[in-house]
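Participant: Following is a predicted model, sequence given first.
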Amino acid sequence: MAEDSGQGAHDQIDDALARLERDGIQHVRFELPDMHGSARSKQVPVEQFAATARAGLNMYGGIVALDTASHVIPGTLYNEEVKYKDQTLRPDLATLASVPWLDGMAKVICDTAWEDGTPLHAAPRHVARRMLERAADLGFGIQSAHEYEFYVLDRETHQPFFGGVHIFNNLRNDHLPAIREVVDGLRAAGIPMLTANAEYAPSQYELVYSHAEGLAGIDNAFTFKNGVKEIVQHAGLCATFMGKPSADSAGSGCHYHISLFDRGSRRSAFYDPDNPGEMTATLRHFVQGLLDHGAACMALFNPTPNCYRRLTPHTFAPSNVSWGEEDRSAMVRIKGPGTPGMHVEMRASSAISNPYLCAAGTLACGLLGLSEQRALVDQSEGPSEDDPSLAPFPANLEAALAALAADSAMVELLGEEFVTVFTTMKRAELARFNAHVTQWERDEYIELY
């Protein structure tokens, strides 16, 4: 919601309060998506909701720039540079919803600005919204949904609850009652759930929900991930979206499904009913943009050192810059070619990626493709992962951050403030990672050498 600017905003807040009271809500969480896609929040009693929504809610401004261990990172623009001052959270009332797994609780997703109204340009939801606005300037809206894999593990040992790779097996699908609790909880929270099944690895699951338009589709992913974590935790277990939690087990990906439509006619920009067997020019340029600029967004798609352990051939994860019709090994898979539902499935992201940054990076690449209008290269004849002519992904997070910094068009589109905050914070994480002595090193070297 924009900053309170008149009677209309007051009416919306009053209507929202009446709804909360009618539904028996006692507390409301004001949630801010952080750089990692986790919810940072403050909770207010319902009788304080209207006043808080009108005035905004103060929160330490550097929350956006904390690293994965919640360390304050110097040089990220939002800390010592601004004397560690507060930001103001402004609720987007379109996202107000109950939290069914917590009695009497509701939540609302917030945008954020400094006291003078200047946005924190690195806030992930702000970055995603800016990409949606760029698309709108070109006459396009988007439909999208994130498709996640994740593990449910023993809370104490972090071990799986069963073995084998029995994907879709009934006995594995219903092995953990917590999965049904997750599905029902998310349905009650307004997420349009579609399917649920065990995935390829032990204790790995995939729950799929339907697409939505604009920012709502991305907000759904934020609610989905944080909901899964909470519900499974309340069941006494541990859910993890970590990209590669075990060396000998499958990685967890985020497959981002996206399509553009014409804002005037509401028709798909990726499918032409008069020429159904051909990709539209818009789709071809969008895909070529992902090929040309995807490496620059790899740090957004795979934001931890661990993610790069997943991106290897013959694992149903992409490993090179590629596209293909119904090619599960490609970075960009064209789903439903020749049908009205034809759309892009961007398969490079790890499940741990921030849904706002996954969406923003994908859309930024596609928008640059629409601007540059380069001809789409041919797809590989066989699986893309077996084509040695294709460029491999950046090998690690350090290389991915370098690729982002080197793509001036991408930096300009995403915004220099965001890129500075994100890369400074990620390089600090890398420094901690590189300084760590692993158990593998100790096992390998201490006794014999």
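Facilitator: Nice, thanks for sending it over. All of these numbers come straight from a predicted model, not from anything done at the bench. Residues are numbered from 1 along each chain as shown.
Participant: how about the closest residue to Ala188 other than its chain neighbours, what does it touch?
Facilitator: Using Cβ to Cβ, 6 or more residues apart in numbering and skipping the chain neighbours, the partner closest in space to Ala188 is Pro100 (3.7 Å). C-betas here are computed from N, CA, C, even on glycine. By Cβ atoms under 8 Å, 6 or more residues apart in numbering, Pro100 lies in contact with Gly185, Ala188, Ala189.
Participant: Narrow those to those in helices?
Facilitator: Using DSSP state H, the subset of the contacts of Pro100 located in helices is Gly185, Ala188.
Participant: closest to Thr118 among the contacts of Pro100?
Facilitator: Ala189 (32.1 Å; Cβ to Cβ).
Participant: Just confirm the closest one contacts Gly227, I think it does.
Facilitator: Yes: counting by Cβ atoms under 8 Å, Ala189 does reach Gly227; the two are 6.2 Å apart.
Participant: So between those two, which is more surrounded?
Facilitator: Using other Cβ atoms under 10 Å as the criterion, Ala189 and Gly227 rank with Gly227 on top: 23 against 20.
Participant: which SS state does that one fall under?
Facilitator: Secondary structure, DSSP: H, G, I helix; E, B strand; the rest coil: Gly227 is helix.
Participant: isn't it right up against Ala188?
Facilitator: No: judged on Cβ under 8 Å, Gly227 makes no contact with Ala188 at a distance of 10.0 Å.
Participant: any idea how far Val344 is from His293?
Facilitator: 14 Å (Cβ to Cβ, to the nearest Å).
Participant: swap that for Gln204, sorry
Facilitator: Between Gln204 and Val344 the distance is 25 Å, computed by Cβ to Cβ.
Participant: And Glu133, by the same measure?
Facilitator: For Glu133, the distance to Val344 - Cβ to Cβ - is 20 Å.
Participant: So between those two, which is more surrounded?
Facilitator: Legend: neighbour count by other Cβ under 10 Å for Glu133 and Val344, higher for Val344 (23 against 9).
Participant: Packing partners of the host helix or strand of Trp440?
Facilitator: Using DSSP states H and E, Trp440 maps to helix 439-445. The contact analysis (3 or more Cβ pairs under 8 Å, 6 or more residues apart in numbering; DSSP states H and E) places helix 439-445 against no helix or strand.
Participant: Val411 and Ala330, how far apart?
Facilitator: Distance, Val411 to Ala330, using Cβ to Cβ: 26 Å.
Participant: between those two, who's got more neighbours?
Facilitator: Ala330 (27 against 17).
Participant: show me where the stretch 301-449 of the chain has helices.
Facilitator: 355-372, 397-406, 408-414, 416-435, 439-445 (DSSP state H, counting those that start in this stretch).
Participant: my bad, the stretch 51-200 of the chain
Facilitator: Ranges of helices in the stretch 51-200 of the chain, per DSSP H, counting those that start in this stretch, are 124-137, 170-173, 177-188.
Participant: Make a markdown table from those helices and add mean pLDDT and distance to Ala391 to it.
Facilitator: Shown next, in a markdown table, are the helices of the stretch 51-200 of the chain (pLDDT from 0 to 100; distance: least, Cβ to Cβ, whole Å):
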| stretch | mean pLDDT | distance to Ala391 |
| --- | --- | --- |
| helix 124-137 | 98 | 24 |
| helix 170-173 | 92 | 37 |
| helix 177-188 | 97 | 38 |
